[in-house]
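Colleague: Sequence below, structure please.
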Amino acid sequence: AKVISQAVWPDTVNVRHILVSTMENGQQIRDDSSAKKLADSILGLVRRGSSFDSLVAMYSSDQGSKAKGGKYENVTPGGMVPAFNEYIFTNAPKSTAVVKTEFGYHVIEVLSQKGSSPVYEVAYLTKPIVASRETDASANNAANKFAGDSRDPKAFTANWEKELKAKGIQKVPVTLGPQDYNIMGLGISRQFVRDVYEADQGDVLPPTMIGDKYVVAVVTGVTKEGTMSVDQARVRVETLLRNEKKAQQIIQKIGSYTTLEEASTKAGFPIATADSLRFSGGSSQMSYETKFLGVSFNPANNGKVVTKPIDGSQGVYVVRVNSQTATSVASANIEDERRFLRQQAMQRIMGGYGNFGFGMQGATPASTLRNLAKIKDNRRKFNY
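Modeller: The predicted model follows:
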């Protein structure tokens, strides 16, 4: 190893960002050039004084920071992906830029930095550990023997329990879509996914090499197109239903009230104050809650206690609206805003995708035509 360079970096950094991604749930939502153009436009709005919180709510794909206005606090060196990490630790507070990572384009603003410590760039040579020809042949033979002895799901499980479990060889349950390529816990192989879709339920597939592993798979179930089964739907809705039930219990516990203090005593939670709420982005004190904001900005509630609890997505809220005021938007360049929105509308029309704010994917002319057409996706049959 050899020290190439050294510098002094902050110990921690507070930063906020807006992620403009190209992929979402394994599907492309915009091409790279469109993502870069959108990120550059957002950066221009940030530098001209537009509300960062509002832009986060409208455009950021990072769900982990969206509720906090795009903020990550007390980030330590190495806490972010390399390009992101490099920028926030080598640029002064109030710096803004567009930085590309494997997740997309980030519109970054460095908020503050604390402490300082020396850091070193070290170069080193490594020699990879590669299995010998004999080791590879042994693993291949073992995989073929297991596949040959396990011709149905019952034998597959029995042989795994008897021969492989004690050796630490894992049985990994995986759900695959027809266009998937990444097998969770194993690696990337489009051929493996195609082979699975050409098999029938109960089939045991021949060994396939994924990365540096030989994989023997059994098709345990096939989900037909249409309404999903109760077991499949349960995984998706169980948390929502549980939260809904909890909310009902909390609302019942609070009961009727006339003051915030009375509701606080009944619920057993302290009163918190959220300052400077914005309709487009909530505030730094709480996550984005559409029902909460709707009640808070209702002119009829100004200066009053809302006597009905609000069932939100993150919790139950009892609200007293202390005051409502309108802030000046003189700092915003209206022509720039209009030009930016027009550009985004054209991208949605031409590209067939778009984000219409608050993370909602909008219906575009191109996507509407696709939805109206009767299309059967057979790409997996053509080596896709």
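Colleague: any chance you could map the helices in the stretch 251-384 of the chain?
Modeller: In the stretch 251-384 of the chain, the helices defined using DSSP state H, counting those that start in this stretch lie at 260-267, 290-296, 334-351, 365-372.
Colleague: what about these, which gets the closest to residue 109?
Modeller: Nearest of these to residue 109, taken as Cβ to Cβ: helix 334-351 at 17.9 Å. Every C-beta, even on glycine, is put in place using the N, C-alpha and C of the backbone.
Colleague: Go ahead and measure how far that closest one is from the middle of the chain.
Modeller: 25 Å (Cα atoms, centre = their mean, to the nearest Å).
Colleague: With stretch 180-199 instead?
Modeller: Centroid separation for stretch 180-199 versus its chain: 22 Å, with Cα atoms, centre = their mean.
Colleague: Mind listing what's buried along stretch 20-27?
Modeller: 20, 21, 22 (16 or more other Cβ atoms under 10 Å).
Colleague: Straight-line length of it, end to end?
Modeller: Distance across stretch 20-27, first residue to last, is 14 Å (Cα to Cα, to the nearest Å).
Colleague: for stretch 222-229, same thing?
Modeller: 11 Å.
Colleague: So which residue is dead centre in the chain?
Modeller: Nearest to the geometric centre of the chain sits residue 63, at 4.9 Å (Cα atoms, centre = their mean).
Colleague: Just the ones of the buried residues of stretch 20-27 in strands?
Modeller: The members of the buried residues of stretch 20-27 that map onto strands under DSSP state E are residue 20.
Colleague: Summarise which helices and strands the longest strand belonging to the chain is packed against.
Modeller: Using DSSP E, we find that the single longest strand of the chain is strand 104-114. On a contact count with 3 or more Cβ pairs under 8 Å, 6 or more residues apart in numbering; DSSP states H and E, strand 104-114 meets strand 12-20, helix 32-47, helix 82-90, strand 96-101.
Colleague: who's sitting farthest from the centroid in the protein?
Modeller: residue 134 (42.7 Å).
Colleague: Report the separation between the nearest residue to residue 5 once chain neighbours are set aside and residue 9.
Modeller: Using Cβ to Cβ, 6 or more residues apart in numbering and skipping the chain neighbours, the partner closest in space to residue 5 is residue 121 (4.5 Å). Counting by Cβ to Cβ, to the nearest Å, the separation of residue 121 from residue 9 is 11 Å.
Colleague: With neighbour numbers in mind, choose between those two.
Modeller: residue 9 (19 against 10; other Cβ atoms under 10 Å).
Colleague: for the residue nearest to residue 5, helix, strand, or coil?
Modeller: Following DSSP: H, G, I helix; E, B strand; the rest coil, the label given to residue 121 is strand.
Colleague: Relative to residue 297, how far out is it?
Modeller: Counting by Cβ to Cβ, the gap from residue 121 to residue 297 is 50 Å.
Colleague: mind showing which ranges of this structure have poor pLDDT?
Modeller: 25-26, 279-287, 327-333, 348-367, 380, 382-384 (pLDDT under 70).
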